[in-house]
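Participant: sequence and predicted structure, then a few things I'm wondering about:
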Amino acid sequence: MNPDAIPWAMLALFLGVLLALGWVLARWCDAVFSGRLAQRWRLLGHIEVGWLRLVGSRADEDMGWRRYALAIVLFNVIGLLFLYALQRLQGVLPLNPTGMGTVAPDLALNTAVSFVTNTNWQSYSGESTVSHLTQMLGLAVQNFLSAATGIAVALALIRGLVRHSAQGLGNAWLDLARATLLVLLPLSVVFALFFVWQGVPQTLAGTHTAQLLDPVTYTMQQGVQTVTQTATTQAIPVGPVASQEAIKLLGTNGGGFFNANSAHPFENPTALTNFFQPLAILLIPAALVFLFGRWVGDWRQGAALLGAMLVLFIGLYAVGVTAQATPNPMLAQLGLHGPSLEGLETRFGVVGTMLFATATTAASCGAVDAMHDSLMPMAGFVPMFLMQLGEVVFGGVGSGLYGMLLFAVVAVFIAGLMVGRTPEYLGKKIGAYEMKMVAIAVIVVPALVLGGTALAVRLEPGLAGLLNPGAHGFSEALYALTSAANNNGSAFAGLSANTPFYNVLLAAAMWFGRFLVIVPVLALAGSLAAKPRLTASPGTLPTHGPLFVVLLVGTVLLVGALNYVPALALGPVAEHLALFGVR
């Protein structure tokens with residue numbers, strides 16, 4: 001059956017499987033992060049103790065928010081330096097079967113920051129730039145560790161809400177180890193084997209030589225002479241693709257082994273893989289929402305957050321499918337009718353493409369199965385706006401949950417102002433300090449996006465990278481900065497980003513967009529943990545019912561609209577109006 005004929009059935013099936021698997025995974029995460037699993041399996045306990053001794057910590061260490069933040073930032077700085085050095089030295093290191101040379105300094109910096117911050121923005125073609133060693137020891141390892149960082153920060157914020165009159169948020173080193181070894185690694189093995197079964201390569205070979213059915217004759221310039229040659233074979237790049245693919249999706253990383261990412265048949269060979277790839281992207285973020293409900297002792301609190309996410313996800317998916325299914329009037333003038341499939345994988349069609357595009361930008365994952373640059377203007381608006389909402393619609397691994405909890409605090413603060421009552425959330429009063437931390441975390445990313453876009457369209461090096469004029473060119477720059485600062489990594493693909501200007505600009509947006517949010521979130525968690533728990537009174541705003549879901553959705557949309565509507569009006573909205581002749 002053609003999936004384009006049943007867009008709502010596909011969505012219902014997708015969400016049903018996602019929520020069922022997310023609920024099961026939440027129970028596993030509860031056992032892992034509560035320590036029950038390590039108590040039950042002594043070997044795990046010994047591994048954890050050994051790791052903590054290595055980093056100079058103890059299993060019973062309960063870190064305050066400053067020490068927790070220092071551990072998180074230091075851990076990622078070390079990863080940044082290691083990955084940068086690995087790229088610069090890859091030409092003399094082993095596991096380089098195709099002889100890749102050193103990566104340029106600005107590109108190495110951009111790539112290192114990208115993978116450490118869980119962004120995985122790629123200004124390069126993976127199959128022609130980085131060696132197998134860099135892919136496995138550098139990029140794949142950071143896919144695990146950057147995802148574990150997001151999970152650890154989310155756990156710290158949940159503990160801040162659950163604990164009362166406490167100073168600690170847990171042990172950052174223990175949270176990182178458990179997230180990596182007991183959640184991300186087992187899931188990655190399962191998904192990697194599934195991808196291998198579906199035909200994704202997993203090998204240490206550099207290329208596979210294929211015999212051409214018809215010889216290809218081409219000419220090339222050698223000095224002043226033009227030489228004609230005939231090729232009868234083609235070298236097809238291969239490598240450890242399935243293992244990279246699994247953690248790329250599960251960790252909401254997005255960095256593809258190949259430049260075409262999940263539009264490449266070696267990364268996404270079948271309709272079944274195209275269904276399970278966006279499922280993998282949203283699986284852990286959904287599970288963490290269920291885990292939040294379990295840890296706060298009220299499953300309805302998690303259900304409220306999940307309800308708000310589903311409302312936003314379904315609404316924007318509907319906009320995207322409708323927009324992309326609308327015939328392009330420019331093509332209609334040429335006698336071509338039906339939805340525009342230029343830049344889309346015809347294997348997946350409109351529904352498969354928009355489901356993937358919605359999932360990958362609802363989460364902070366840059367994986368794509370189509371070129372977003374080719375989407376209809378309002379279909380391109382959907383992934384851009386999802387990122388601009390702060391990627392809290394499920395969101396990245398860990399980052400989606402703590403981002404949505406920030407908006408929940410804003411929502412109860414607004415409600416408190418309306419009724420003249422001190423706002424509180426889950427029994428914790430929200431005071432001036434908490435709102436300052438929330439404001440910093442919410443405002444810093446839009447400032448990076450809009451400020452960076454202004455630089456890109458004002459300075460000559462930025463304008464030189466735009467491959468399209470007018471509104472679409474502006475959308476390319478806006479999308480790139482939105483993707484970088486929100487740690488997504490997808491691109492409109494019409495931007496020449498591998499230049500010193502964009503490599504440095506986007507690296508700065510990725511780094512500060514990650515850690516200028518994480519540090520205020522941990523400061524908020526520390527402040528909340530120290531507060532006493534209040535008993536609910538008749539004047540307490542319920543944060544688990546439909547009314548709160550509506551308030552939360554309105555808060556997310558309002559903040560997104562206030563920050564980005566002028567920029568969106570100059571980009572995809574203006575392009576849509578021009579395309580359809582609206583004056």
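Facilitator: That came through, no problem.

Participant: packing partners for the helix ranked longest in the chain?
Facilitator: Counting residues, the longest helix found in the chain (DSSP state H) is helix 500-530. On a contact count with 3 or more C-beta pairs under 8 Å, 6 or more residues apart in numbering; DSSP states H and E, helix 500-530 meets helix 65-89, helix 105-116, helix 141-162, helix 399-419, helix 432-458, helix 460-464, helix 470-485. The way it works is simple: take the backbone N, C-alpha and C, and place the C-beta from them, glycine included.

Participant: in JSON lines: those, plus distance to residue 31 and mean pLDDT.
Facilitator: Converted to JSON lines, the helices and strands packed on helix 500-530 look like this (distance: least, C-beta to C-beta, whole Å; pLDDT from 0 to 100):
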{"stretch": "helix 65-89", "distance to residue 31": "22", "mean pLDDT": "96"}
{"stretch": "helix 105-116", "distance to residue 31": "29", "mean pLDDT": "95"}
{"stretch": "helix 141-162", "distance to residue 31": "14", "mean pLDDT": "96"}
{"stretch": "helix 399-419", "distance to residue 31": "18", "mean pLDDT": "92"}
{"stretch": "helix 432-458", "distance to residue 31": "30", "mean pLDDT": "95"}
{"stretch": "helix 460-464", "distance to residue 31": "49", "mean pLDDT": "93"}
{"stretch": "helix 470-485", "distance to residue 31": "35", "mean pLDDT": "92"}
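
Participant: of these, which is nearest residue 194?
Facilitator: helix 141-162 (17.2 Å; C-beta to C-beta).

Participant: let's test this: mean pLDDT of the helix or strand following the closest one, rounded?
Facilitator: Note on helix 141-162: by DSSP states H and E, the next helix or strand toward the C-terminus is helix 172-178. Helix 172-178 shows a mean pLDDT of 97.

Participant: ok, and what's touching helix 172-178?
Facilitator: 32-33, 38, 47-48, 51-52, 55, 57, 59, 63, 67-68, 71-72, 75, 145, 148-149, 151-152, 155-156 (C-beta atoms under 8 Å, 6 or more residues apart in numbering).

Participant: could you do stretch 522-539 as well?
Facilitator: 64-66, 68-69, 72, 153, 156-157, 159-161, 163-169, 406, 409, 419, 421, 424, 427-429, 433-434, 437-438, 441.

Participant: just the buried ones out of the residues you listed, please.
Facilitator: Using 16 or more other C-beta atoms under 10 Å as the burial test, these include 64-65, 68-69, 72, 153, 156-157, 159-161, 163, 166, 168-169, 406, 409, 424, 427-428, 434, 437-438, 441 as buried.

Participant: these two touch, right, residue 95 and residue 131?
Facilitator: Yes: taking C-beta atoms under 8 Å as the definition, residue 95 is a contact partner of residue 131 at 6.1 Å.

Participant: who has more neighbours, these two?
Facilitator: Taking neighbours as other C-beta atoms under 10 Å, residue 95 and residue 131 compare with residue 131 leading, 25 against 16.

Participant: and the gap between the more buried one and residue 14?
Facilitator: 36 Å (C-beta to C-beta, to the nearest Å).

Participant: cool, and residue 343?
Facilitator: 23 Å.

Participant: between those two, which one's more packed in?
Facilitator: Neighbour count, other C-beta under 10 Å: between residue 343 and residue 14, residue 14 has more, with 19 against 15.

Participant: ok, the more buried one - contacts?
Facilitator: Contacts of residue 14 (C-beta under 8 Å, 6+ apart): 275, 278, 279, 355.

Participant: A helix includes it, no?
Facilitator: Yes: per DSSP: H, G, I helix; E, B strand; the rest coil, residue 14 lies within a helix segment.

Participant: let me know whether residue 343 touches residue 376 as I believe.
Facilitator: No: checked against C-beta under 8 Å, the pair residue 343 and residue 376 is beyond contact range at 10.4 Å.

Participant: which residues of this structure score low on pLDDT?
Facilitator: 1-5, 223-224, 582-583 (pLDDT under 70).

Participant: contact partners for the most centrally placed residue in it?
Facilitator: Nearest to the geometric centre of the chain sits residue 364, at 1.6 Å (C-alpha atoms, centre = their mean). Applying C-beta under 8 Å, 6+ apart to residue 364 gives the contacts 118-119, 252, 387, 391, 395-397, 399-400, 486-489.

Participant: mind putting those residues into TSV with neighbour count?
Facilitator: Output for the contacts of residue 364, formatted as TSV (neighbours: other C-beta atoms under 10 Å):
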residue	neighbour count
118	32
119	35
252	39
387	29
391	27
395	30
396	33
397	32
399	31
400	29
486	31
487	32
488	32
489	31
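
Participant: which one among these gets closest to residue 180?
Facilitator: Using C-beta to C-beta, the contacts of residue 364 come closest to residue 180 at residue 397, 11.4 Å.

Participant: from residue 487, how far off is the closest one?
Facilitator: Counting by C-beta to C-beta, the gap from residue 397 to residue 487 is 11 Å.

Participant: quickly list what's touching both of these two.
Facilitator: With C-beta under 8 Å, 6+ apart as the test, residue 397 and residue 487 both reach 118, 364.

Participant: just the endpoints, please. Distance across stretch 84-96?
Facilitator: 17 Å (C-alpha to C-alpha, to the nearest Å).

Participant: er, stretch 252-267 actually
Facilitator: 16 Å.

Participant: doesn't residue 547 make contact with residue 308?
Facilitator: No: counting by C-beta under 8 Å, residue 308 does not reach residue 547; the two are 11.7 Å apart.
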